[in-house]
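Asks: starting from these lines, generate the structure:
(2 chains)
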Number of protein chains: 2
Amino acid sequence: MEIDPIAHIKGCYPEKFGIPRQPSLVPEAEATIIFEKPYRHENFIRGIEAHSHLWLTFGFHQNSWHEGQAMVRPQRLGGNKKMGVFATRSSFRPNGLGLSAVKIKRVDYERVEIIISGHDLVNGTPIYCIKPYIPYSDSILDATSDFAEEAPPRFNVRFSDEAEKTLTILTGRYPQLKPLIEGVVAQDPTPKFHKDPERIYGVLLYEFNIRFKRDPLDEMGGFLVLSIERDLK
Amino acid sequence: MEIDPIAHIKGCYPEKFGIPRQPSLVPEAEATIIFEKPYRHENFIRGIEAHSHLWLTFGFHQNSWHEGQAMVRPQRLGGNKKMGVFATRSSFRPNGLGLSAVKIKRVDYERVEIIISGHDLVNGTPIYCIKPYIPYSDSILDATSDFAEEAPPRFNVRFSDEAEKTLTILTGRYPQLKPLIEGVVAQDPTPKFHKDPERIYGVLLYEFNIRFKRDPLDEMGGFLVLSIERDLK
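Replies: This is a model prediction of the structure:
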């Protein structure tokens, strides 16, 4: 069947790299749900603030599935083990539909926008459905998963003097930027197969490129944020 | 975008009437997920038994949304109050996509089928995506909803002598039929605006028509199952 976006996401993650693997891992991440016509009318969302959280059914618009690809290597299992695509939340999947629970921060009826937090979606992601999270049926207390029983560990994040200085300048316009960087880098977005401890990574947040590397002073594998640079791409 | 069913549901509910309003309310309800080609290959579901529950993204194939219909009257609120369609789980919605968490009962790799329980889907429902339920991110303990904070009440269900006799005959082939009837009728599937206490209702389960009415002996509004008849439609 043919489905059309009802909305799209305007958010802090310009590209896939660095986005937490599940929502709620970085609660500081904010985004706005901007409705498409004909859904850009307050009546479509009337009463939505009765709920604390929403389910978003979205499109993995930057990924495409190759027909016949039955199995994937989830990052979660170190990229070594193959599993059936329907046994995973891989973004490479038939129909390309994603599912994400996010928190409602504020509803703007005048602009017909919903401001959410704790999202895990690339800027521009098309939204195909929005539904309230209903605790009594969605929060399944006896559910188990051998595959991802617990949230991934959070690593320590330290900021260089240069990075701290830039944050001081930016704090007026981006009050949440520091905890957002901490949350994103603490997830360890670096590829598992990279072994060079000196390698410098960059993750885009809003219009900034956050440059970071393994912290040589942290034996637990934490990170050092080197600089925050305006991305001129 | 164009999406195609990856599977369809073969289950105990031949029609919409009587289906619980959320999954998990009637755990006795069983169904089988039957894959379409090219997904009818065991590799697509390899490892799925690592999870106890699944998310099904499905199509409300028996309902169609009327363009411009921004608000609905949720049954949950007695059908009196209007809410924005995206503030509800109404089955009449743009794109017609549903979402349901179900329990995995058994995985049949040879037939490439997944047997589930606690489902709330009409027989024949098309499935567009299957994903594991990941407890650490899907079970949101601080989520709230003023709209549907608690599961609906369960009413008492009593069986007539005739109904009990029929159940005894059917119990070999349908060992779960009695608790399934109890679960479905206990939800009170009757329309809120019906006031006639003598009215007899029928709900289809598998190939049977379950006839029931308000139990005149129950002051709490429970039900009496009158008969279980093979449906000849």
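Asks: quick one: least confident helix or strand in chain A?
Replies: Least confident helix or strand, chain A: helix A:135-138 with a mean of 90, by mean pLDDT, DSSP states H and E.
Asks: what score does A:Pro152 have for pLDDT?
Replies: Per-residue confidence (pLDDT) for A:Pro152: 80.
Asks: how close does it get to chain B?
Replies: Look at A:Pro152 and chain B: by CB to the nearest CB, to the nearest Å, they are 9 Å apart. In this view, the C-beta of every residue, glycine as well, is placed from N, C-alpha and C.
Asks: tell me the contacts of the most centrally placed residue in chain A?
Replies: By CA atoms, centre = their mean, chain A has its centre lying nearest to A:Asp120, at 1.8 Å. Residues in contact with A:Asp120, defined by CB atoms under 8 Å, 6 or more residues apart in numbering or on different chains, are A:19-23, A:25-26, A:29, A:100.
Asks: where does it land in three-state SS?
Replies: coil (DSSP: H, G, I helix; E, B strand; the rest coil).
Asks: please name the nearest non-neighbouring residue to it.
Replies: The spatially closest residue to A:Asp120, leaving aside those adjacent along the chain, is A:Pro23, at 4.5 Å (CB to CB, 6 or more residues apart in numbering or on different chains).
Asks: and the one you found, how many residues sit next to it?
Replies: 25 (other CB atoms under 10 Å in any protein chain shown).
Asks: I'd say it and A:Ser100 touch.
Replies: Yes: using CB atoms under 8 Å, A:Pro23 is in contact with A:Ser100, at 4.9 Å.
Asks: who touches both of those two?
Replies: A:119-120.
Asks: now do the buried residues in the longest strand along chain A.
Replies: Assignment by DSSP state E gives strand A:97-108 as the longest strand of chain A. Residues A:97-104, A:107 are the ones in strand A:97-108 that count as buried (16 or more other CB atoms under 10 Å in any protein chain shown).
Asks: one step back: for the residue nearest to A:Asp120, what are its contacts?
Replies: A:100-102, A:118-120, B:137.
Asks: list the buried residues for stretch A:176-192?
Replies: A:177-178, A:180-190.
Asks: same check on stretch A:83-94?
Replies: In terms of neighbour count (16+ other CB under 10 Å), stretch A:83-94 has its buried residues at A:83-91, A:93-94.
Asks: keep these, but drop any that are not near chain B.
Replies: A:83-89, A:93-94 (CB under 8 Å from any CB of the partner chain).
Asks: now, which of the buried residues of strand A:97-108 lie close to chain B?
Replies: A:97, A:99, A:101.
Asks: and which of those residues is nearest to chain B?
Replies: Set against chain B, the nearest of these by CB to the nearest CB is A:Leu97 (4.6 Å).
Asks: didn't the closest one look like it was pressed against A:Tyr128?
Replies: Yes: assessed by CB under 8 Å, A:Leu97 is found in contact with A:Tyr128 at 7.1 Å.
Asks: touching both of these two, which residues are there?
Replies: Joint contacts of A:Leu97 and A:Tyr128 (CB under 8 Å, 6+ apart) are A:57-59.
Asks: hey, what's A:Ser145 bridged with?
Replies: Per DSSP bridges, the residues bridged to A:Ser145 are B:His51.
Asks: now for it: which residues touch it?
Replies: A:Ser145 neighbours (CB under 8 Å, 6+ apart): B:50-52, B:132-135.
Asks: recalculate using a threshold of 10 Å.
Replies: B:50-53, B:132-136, B:138 (CB atoms under 10 Å, 6 or more residues apart in numbering or on different chains).
Asks: can you put these in CSV and add neighbour count?
Replies: Shown next, in CSV, are those (neighbours: other CB atoms under 10 Å in any protein chain shown):
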residue, neighbour count
B:Ala50, 17
B:His51, 23
B:Ser52, 16
B:His53, 23
B:Pro132, 24
B:Tyr133, 21
B:Ile134, 21
B:Pro135, 20
B:Tyr136, 15
B:Asp138, 25
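Asks: what mean pLDDT would you report for stretch A:7-23?
Replies: 90.
Asks: centre of the chain to stretch A:34-53, how far?
Replies: 22 Å (CA atoms, centre = their mean, to the nearest Å).
Asks: typo on my end, stretch A:31-50
Replies: Centre-to-centre, stretch A:31-50 and its host chain are 21 Å apart (CA atoms, centre = their mean).
Asks: list the buried residues of it.
Replies: A:31-33, A:35, A:39, A:41, A:43-48, A:50.
Asks: also stretch A:216-229?
Replies: Within stretch A:216-229, the residues scored as buried using 16+ other CB under 10 Å are A:222-228.
Asks: again, but for stretch A:144-157
Replies: Buried, per 16+ other CB under 10 Å, within stretch A:144-157: A:145, A:147-148, A:152, A:155, A:157.
Asks: now, among these, which is nearest to A:Ala163?
Replies: A:Val157 (10.2 Å; CB to CB).
Asks: who does the closest one form a beta bridge with?
Replies: Residues in beta-bridge contact with A:Val157 (DSSP bridges): A:Phe223.
Asks: is it true that A:Val122 touches A:Ala29?
Replies: No: using CB atoms under 10 Å as the test, A:Val122 is too far from A:Ala29 to be in contact (11.6 Å).
Asks: follow-up on the earlier one: can you say which two of the buried residues of stretch A:31-50 are spatially most distant?
Replies: A:Ala31 and A:Asn43 (22.6 Å).
Asks: how near is the residue nearest to A:Arg199 when sequence neighbours are not counted to chain B?
Replies: Distances taken as CB to CB, 6+ apart place A:Lys213 nearest to A:Arg199, at 6.4 Å, with adjacent residues excluded. Per CB to the nearest CB, A:Lys213 is found 28 Å from chain B.
Asks: so which strand or helix has A:Lys213?
Replies: strand A:208-214 (DSSP states H and E).
Asks: what residues are up against the closest residue to A:Phe147 other than its chain neighbours?
Replies: Spatial nearest neighbour of A:Phe147, excluding adjacent residues (CB to CB, 6+ apart): B:Ala50 at 4.6 Å. Counting by CB under 10 Å, 6+ apart, B:Ala50 makes contact with A:83, A:87-88, A:144-149, B:104, B:132.
Asks: closest one of the residues you listed to A:Glu162?
Replies: Nearest to A:Glu162 among these, with distances taken as CB to CB, is A:Ala148, at 36.2 Å.
Asks: per-domain residue ranges of chain A.
Replies: What automatic domain parsing lists as the domains of chain A is A:7-138, A:157-230.
Asks: and the longest one, how far apart are its ends?
Replies: Read that as domain A:7-138. 23 Å (CA to CA, to the nearest Å).
Asks: and that domain, how far from the chain's centre?
Replies: 8 Å.
Asks: so where's chain A shaky on pLDDT?
Replies: A:76-79, A:148-149, A:232-233 (pLDDT under 70).
Asks: what segments of chain A are helices?
Replies: In chain A, the segments counted as helices under DSSP state H are A:135-138, A:161-170, A:177-186.
Asks: using TSV, lay out those helices together with distance to chain B.
Replies: Listed next are the helices of chain A as TSV, based on distance: least, CB to the nearest CB, whole Å:
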stretch	distance to chain B
helix A:135-138	4
helix A:161-170	28
helix A:177-186	14
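Asks: to A:Pro14, which of these lies closest?
Replies: That would be, of the helices of chain A and by CB to CB, helix A:177-186, which comes in at 12.2 Å.
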